[in-house]
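Q: Quick one: sequence and predicted model below, then my questions.
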Amino acid sequence: MPIPFKNIPSNLRVPLFYAELDNSKANTSAQTQRALLIGQKLPSGTFTANVPAICSSQSDGRTAAGPGSILAGMIDAYRDGDPSGEMWVLPLIDDVAAVQATGAITFTGPTTAIGTLPLYIAGRTVSPIIASGQTAAQVATTVAAAINATSGLPVTAVVDVTVASKVNLTARNGGECGNDIDIRFAFKGPASQEAMPAGLAASVTPMANGASNPVLTTALSNLLDTSFDFIVCSLTDTVSLAAIAALLNDATGRWSWSSQVYGHCFIAKRGTAGANAAFATTLNNQQITCIPFNDSPTPTWKWAAAFAAVSAVSLRADPGVPLQYLTVPNVLAPPLASRWSLTTRNNTLLYGGCSTWTVDASGNLVIENMVTTYVTNAAGQPDNSYLEIETLFLIVFVLRSLSAMVTAKYSRVKLAADGTRVKPNSNVVMPSTIRADIIALYRDLEDQGYVQKSAEFAAGLVVEKDATNPNRVNVLLPAVLIGQLRTFAVLLQFRNA
């Protein structure tokens, strides 16, 4: 039986020992599953705008994005949930026509006792000590100084020139994201000993009027063919999400046959359950996941980054394991009155293309079900084929496993029809040989818990030479993905003694 050497010639007369390497059966490495954070930097940040860059460390990334920028906040939120995954950023600059969101805090006083002011800005605490007997104007000066001295806040502060008791706030980044910067006092309340200093009161003018988001066209085109499995986008306007949908399109984008780099986008949206479901169903996209919430001090871009991070850790380890009951760190849960009931989560959100979460006894957010925004097919009929995001990541895992096998074993072989008489190890492959290798790969994937029903798969697998192109093999791959245990229903049929 001849040995299929590819490089050592057969006419050697110089003795003695020669060796070549064949790695076709040795590759067991997995493809790197990168995360990509898309958000706005500050002019002071050293990241190059619209150019993807690896983020070597959390502190370096924060500095390169500009402390207090939207991108810096995303870096912190993501890295808190995924400490070791490969993280990249796609830094955006504010649009030339961008308008920064503004808000204000107006104080009334004077204080009658010393106390700590429990101020929350975008989920971060600013806690200046307020002396007894301070006037409202003095409090405003103290608070403005404390805000500007707190690194990483997404706003700057200045005392109003005409109303001395008023602190004007301006978002560091321009555009619509600034409208989501939450300003409030004593969020955790008396249970955490948070209360306004005696004699002091304050009213908040919410952040608003931020406008003109960056255009993603140039930035997304610069990604080229680098794969990013976990994409977090801070922008949720119609134009931006249309660009993301085009990027991930399964006919012309990253999910297409000609690209095959795949990827899934995570966004977050603040609003009522009904408004969020209406928003998600307009997207109707299997490559986009929306995390809805209402009344949390933490901004949308941190919600999206945090949920994506803990999901990425699990999906890298095993794309078939359900994401339910994963704890999401460092995101402030909405107060009890602003959380959604089981009925609302099930009937309105999960059937409306929105993911859901709950809150544990310690006040931590916990993933309940991560779904895509895909709810109807092209005919407008309900379609649950792409409901949970685990399905998408399992599909990618199976396809990459098949690609790795094909490229390792068949990158340089001859193709013959089934039944052709060839000697063993003659570097010729037939459809039946490929079919056997695919079945063996599928059974291996079944052993690892990624697919199931290998007998059914083998019966339905079709591998054949193309009818018109003698150099092409066509494959019908009837894979049955592994499921997830999501519902455990019990009928307790009891009897009294």
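A: Okay, I see it.
Q: Please enumerate the strands of the stretch 251-400 of the chain.
A: 264-270, 288-293, 327-328, 356-359, 365-369 (DSSP state E, counting those that start in this stretch).
Q: Using PDB, write out every CA atom in stretch 302-310.
A: Provided in PDB are the C-alpha atoms of stretch 302-310 (Å, rounded to 0.1, in the frame of the first residue of the first chain):
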ATOM      1  CA  LYS A 302     -23.500  49.000  30.200                       C
ATOM      2  CA  TRP A 303     -26.500  46.700  30.300                       C
ATOM      3  CA  ALA A 304     -25.800  45.400  26.800                       C
ATOM      4  CA  ALA A 305     -22.100  44.900  27.500                       C
ATOM      5  CA  ALA A 306     -22.700  43.200  30.800                       C
ATOM      6  CA  PHE A 307     -25.200  40.700  29.400                       C
ATOM      7  CA  ALA A 308     -23.000  40.000  26.400                       C
ATOM      8  CA  ALA A 309     -20.000  39.300  28.600                       C
ATOM      9  CA  VAL A 310     -21.600  36.700  30.800                       C
END
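Q: Chain neighbours aside, what residue packs nearest to Y325?
A: With sequence-adjacent residues excluded and distances taken as Cβ to Cβ, 6 or more residues apart in numbering, Y325 is closest to V366, at 5.9 Å. Every residue, glycine included, has its C-beta placed from N, CA and C.
Q: Can you give me the neighbour number for the one you found?
A: If you count neighbours by other Cβ atoms under 10 Å, V366 ends up with 16.
Q: Over to T468?
A: 6.
Q: residue contacts, the residue nearest to Y325?
A: By Cβ atoms under 8 Å, 6 or more residues apart in numbering, the contact set of V366 is Y325, L326, T327, V328, W357, T358, V359, D360.
Q: got these as a markdown table, with pLDDT, distance to V398 and neighbour count columns?
A: A markdown table is the format used below for the contacts of V366 (pLDDT from 0 to 100; distance: Cβ to Cβ, whole Å; neighbours: other Cβ atoms under 10 Å):
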| residue | pLDDT | distance to V398 | neighbour count |
| --- | --- | --- | --- |
| Y325 | 97 | 25 | 10 |
| L326 | 98 | 23 | 20 |
| T327 | 98 | 29 | 12 |
| V328 | 98 | 28 | 22 |
| W357 | 98 | 28 | 26 |
| T358 | 98 | 31 | 16 |
| V359 | 98 | 35 | 14 |
| D360 | 97 | 34 | 11 |
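Q: From those, pick the one nearest V139.
A: Lowest distance from V139 to the contacts of V366 (Cβ to Cβ) belongs to V359, with 33.1 Å.
Q: how near is the closest one to S432?
A: Computed as Cβ to Cβ, to the nearest Å, the V359 to S432 distance reads 56 Å.
Q: Over to T112?
A: As judged by Cβ to Cβ, T112 and S432 stand 89 Å apart.
Q: and if you look at V331?
A: 54 Å.
Q: who's more crowded, the two?
A: Using other Cβ under 10 Å as the criterion, V331 and S432 rank with V331 on top: 24 against 13.
Q: wait, doesn't that one sit right on L365?
A: Yes. Using Cβ atoms under 8 Å, V331 is in contact with L365, at 5.3 Å.
Q: any common contacting residues for the two?
A: Shared contacts of V331 and L365 (Cβ under 8 Å, 6+ apart): A306.
Q: Count residues in the vicinity of T217, would you?
A: 12.
Q: residues in contact with it?
A: A243.
Q: switch the cut-off to 10 Å
A: Taking Cβ atoms under 10 Å, 6 or more residues apart in numbering, we find T217 in contact with N50, V239, A243, A246.
Q: Quick check: the first one touching L92?
A: Yes. The pair formed by N50 and L92 meets the contact definition of Cβ atoms under 10 Å, at 6.9 Å.
Q: more neighbours, the two?
A: L92 (27 against 18).
Q: Quick one: low-confidence residue ranges for the stretch 1-150 of the chain.
A: 1-4, 16-17, 21-30 (pLDDT under 70).
Q: domains in the protein, as residue ranges please.
A: Following automatic domain parsing, the chain resolves into domains at 35-93+214-390, 100-208, 414-497.
Q: what's the closest non-adjacent residue to T272?
A: Per Cβ to Cβ, 6+ apart, closest to T272 is N294, 6.0 Å.
Q: what's the neighbour count on the one you found?
A: Count around N294 with other Cβ under 10 Å applied: 15.
Q: how far away is it from P91?
A: N294 sits 29 Å away from P91, taking Cβ to Cβ as the criterion.
Q: Throw the contacts of V366 into CSV and include distance to S314, thanks.
A: Output for those, formatted as CSV (distance: Cβ to Cβ, whole Å):
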residue, distance to S314
Y325, 10
L326, 6
T327, 11
V328, 12
W357, 15
T358, 17
V359, 19
D360, 17
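Q: ok, of those, which one's closest to N346?
A: Once Cβ to Cβ is applied, the member of the contacts of V366 that ends up nearest N346 is T358, at 12.1 Å.
Q: Specify the beta-bridge partners of the closest one.
A: V366 (DSSP bridges).
Q: doesn't L336 make contact with it?
A: No. Shown here, T358 and L336 do not form a contact pair, counting by Cβ under 10 Å, at 11.7 Å.
Q: A53: what's it in contact with?
A: Contacts of A53 (Cβ under 10 Å, 6+ apart): T46, F47, G61, A64, A65, W88, V89, L90, P91.
Q: partner residues bridging the last one?
A: As for beta bridges, P91 partners with G39 under DSSP bridges.
Q: That one: what's it in contact with?
A: 37-42, 45-53, 61, 64-66, 69-71, 214, 219 are the contacts of P91 under Cβ under 10 Å, 6+ apart.
Q: Helix or strand for V89, just tell me which one.
A: strand 87-92 (DSSP states H and E).
Q: centre of the chain versus that strand, how much separation?
A: With Cα atoms, centre = their mean, to the nearest Å as the basis, strand 87-92 stands 13 Å off its chain's centre.
Q: Now the element after it, going C-ward?
A: strand 100-108.
Q: Tell me which residues of that following strand come out buried.
A: Residues of strand 100-108 classed as buried: Q100, A101, T102, G103, A104, I105, T106, F107 (neighbour count, 16 or more other Cβ atoms under 10 Å).
Q: helices or strands next to the longest helix anywhere in the chain in the packing?
A: In the chain, ranked by residue count with DSSP state H as the criterion, the top helix is helix 389-410. Counting contacts by 3 or more Cβ pairs under 10 Å, 6 or more residues apart in numbering; DSSP states H and E, helix 389-410 is packed against strand 264-270, strand 288-293, helix 300-317, helix 431-448, strand 473-476.
Q: please redo it, this time with the cut-off set to 8 Å
A: strand 264-270, helix 300-317, helix 431-448 (3 or more Cβ pairs under 8 Å, 6 or more residues apart in numbering; DSSP states H and E).
Q: Relative to R486, which of those is closest?
A: Comparison of the helices and strands packed on helix 389-410 against R486 by Cβ to Cβ identifies helix 300-317 as nearest, at 14.8 Å.
Q: Show me how far that closest one is from its chain's centre.
A: Distance, stretch centre to chain centre, for helix 300-317: 5 Å (Cα atoms, centre = their mean).
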